[in-house]
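Asker: Sequence plus predicted model, see below.
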Amino acid sequence: MDRRLGRVLYIESYTSSLGSNDPLSSDSIGYGITASRAIRREMEAMGYEIMRSKAYMPRRGSQVHAMTRSQWTIDSYSSVLNCLSSKGVPDLIFCFHAFQAFPAEIRRILLDLDLKIPVIGYTHGSHWDATDLFRHERYPGLELVDLGNLTVLDRILVTSHYMKETLHTNIGNLNANLAHLIDNKVRVVGLPIDIDTIERYRVDEHFPRTTILYNHAPISAKDPMLFINAIAEVMRTRDVDVLFTRKLPLNGQLSQRVQALCAQYPGRLHFGGDLPISEYYRSLWMADIQVSTATHESLGIATLEAMYTCNSCILPRLGSYPELVENDDQVLYDRSIDMLVDRLRLLIDDSSLRCRLGERLRRFSQQYSPAAVTRSINSVIEEILTDC
């Protein structure tokens, strides 16, 4: 492509390797690292010159998690100003996460500098999705802030058709004209799984026992208690192990229920405690069955990663999941404990079915390769630069 049009200021999202007693957000230790890295790598291979916001942010010592996230956001605005002042004007600003460094603030910086630079960015979930419980619980009352950020973007990148339809419907309930304005800016591009890194940590062996994987954050939108209740029923009659890759809360009903299962089935429940990416990917290759009990899912990177590593997945028939698996009835269930238990027993008992299903899901996941997703992003960039 024309290098003259290829300079992109890439606004990264907050990532963390800090320890915490509370579960960390999935973006901070997962897709904010892996998917973002895969996009940057592919864009550079296409010929874009990437100016990374992180390179202009000061290094800071260890702080409490919440303060670090807030400081990251503040530093992001300074980094935008530093980039624009010291490295020349980019052709485009790309926000990986539109609810961290707010596009509205970035637009204000551009207006103050009298610069006309298109700004595009992902929204990973939204206050305009009522099922996005994490966002409503962690950042209540910011619906109009969320909407303002979407409004100032020149193009809004979403990960699924479900997300596009959800934004259109719920914003339309507020104002039909505004929903039409937003809808005209939305482009469904997906989000990549970091295939190069997943393959780097590939292992051929499996765990000694059939292992059921729960690789979701233990938050209300993922409904981990449904999974625990189903597993308790399954383990009564099946000799299986369970692996939690994310840190579980130290207290509360979920913790008590898990501790009781550990006492009842010693050595069969395993806890990664927010595994490092290398160990996390090795564990995916070694596991057999992945389960989601979510009530909300705008895409499902954790599920796509499990699909790519040939796990047999059992997923609720909601959100973006039907898109990921092409409405496969062998994968989707209706979020009832009885149906989940039956699906688990079926896959535990039939290794050949697990193998066939795992291979089919791996093929589905390859639609979210870095090359495929970044081609879609590139089309959006070419569109917006042509319009400008």
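Answerer: Looks like it came in fine. Just so you know, these numbers come straight off a predicted model, no measurement behind them.

Asker: and the closest residue to Arg362 other than its chain neighbours, how many neighbours does it have?
Answerer: Nearest non-adjacent residue to Arg362, counting by Cβ to Cβ, 6 or more residues apart in numbering: Cys310, 5.2 Å away. All C-beta atoms are positioned from the backbone trio N, CA, C, and that covers glycine. Cys310 has 19 neighbours, counted by other Cβ atoms under 10 Å.

Asker: With Ala104 instead?
Answerer: Residues near Ala104, counting by other Cβ under 10 Å: 16.

Asker: is it true that it touches Leu147?
Answerer: No - the criterion here is Cβ atoms under 8 Å, and Ala104 misses it with Leu147 at 10.1 Å.

Asker: Secondary structure element holding the nearest residue to Leu344 once chain neighbours are set aside?
Answerer: The shortest distance from Leu344 to any non-neighbouring residue, by Cβ to Cβ, 6+ apart, is to Val234 (5.0 Å). Taking DSSP states H and E as the definition, one finds Val234 inside helix 224-235.

Asker: ok, then the element right after that helix?
Answerer: In N-to-C order, the element after helix 224-235 by DSSP H and E is strand 241-244.

Asker: partner strands of that next one, parallel or antiparallel?
Answerer: Within its sheet, and counting by DSSP bridges, strand 241-244 is paired with strand 211-214 (parallel), strand 269-271 (parallel).

Asker: winner for burial among these?
Answerer: strand 211-214 (a mean of 24; mean count of other Cβ atoms under 10 Å).

Asker: got a list of contacts for that strand?
Answerer: With Cβ atoms under 8 Å, 6 or more residues apart in numbering as the test, strand 211-214 has contacts from 224, 227, 231, 234, 240-246, 283-284, 286-291, 306, 311, 344.

Asker: quick one: which helix or strand includes Gly267?
Answerer: Assignment of secondary structure by DSSP H and E places Gly267 within no helix or strand.

Asker: circling back to that earlier point, could you give me the average pLDDT of the helix holding Val234?
Answerer: In this model, helix 224-235 carries a mean pLDDT of 98.

Asker: Then stretch 247-257?
Answerer: Rounded to a whole number, the mean pLDDT of stretch 247-257 is 92.

Asker: What residues sit buried inside it?
Answerer: 247-248, 257 (16 or more other Cβ atoms under 10 Å).

Asker: for stretch 356-367, same thing?
Answerer: 357-358, 360-361, 364-365.

Asker: Would you mind pulling the contact partners of that stretch?
Answerer: Residues outside stretch 356-367 that contact it (Cβ under 8 Å, 6+ apart): 190, 193, 304-305, 307-313, 324-326, 328, 330-331, 347, 372.

Asker: go again using 10 Å as the cut-off
Answerer: Residues outside stretch 356-367 that contact it (Cβ atoms under 10 Å, 6 or more residues apart in numbering): 190, 193, 195, 198, 288-290, 303-315, 323-326, 328, 330-331, 347, 350, 372-373.

Asker: Kindly report the same for stretch 128-137.
Answerer: With Cβ under 10 Å, 6+ apart, stretch 128-137 has contacts from 25-26, 99, 123-127, 138, 142-143, 146-147, 150, 162-163, 166-174, 179, 182, 217, 219-223, 294-298, 318-319.

Asker: dump the residue contacts of Ala179.
Answerer: 128, 167-173.

Asker: ok, the residues you listed vs Arg268, which is closest?
Answerer: In terms of Cβ to Cβ, no member of the contacts of Ala179 lies closer to Arg268 than Trp128, at 41.4 Å.

Asker: if we can go back for a sec, which among the contacts of stretch 128-137 count as buried?
Answerer: Using 16+ other Cβ under 10 Å as the burial test, the contacts of stretch 128-137 include 25-26, 99, 123-127, 143, 146-147, 150, 162-163, 166-168, 170-172, 179, 182, 217, 219, 221-223, 294-298, 318-319 as buried.

Asker: Filter those down to the ones in helices?
Answerer: Those of the buried ones among the contacts of stretch 128-137 mapping onto helices are 26, 143, 146-147, 150, 162-163, 166-168, 170-172, 179, 182, per DSSP state H.

Asker: Just give me the least confident of the residues you listed.
Answerer: Scanning those for pLDDT, the low point is Ser26. It has 59.

Asker: hmm, back to that, with secondary structure, pLDDT and distance to Glu49 added, can I get the buried residues of stretch 356-367 in CSV?
Answerer: As requested, the buried residues of stretch 356-367 are arranged in CSV below (DSSP: H, G, I helix; E, B strand; the rest coil; pLDDT from 0 to 100; distance: Cβ to Cβ, whole Å):
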residue, secondary structure, pLDDT, distance to Glu49
Leu357, helix, 98, 43
Gly358, helix, 98, 40
Arg360, helix, 98, 39
Leu361, helix, 98, 37
Phe364, helix, 98, 34
Ser365, helix, 98, 30
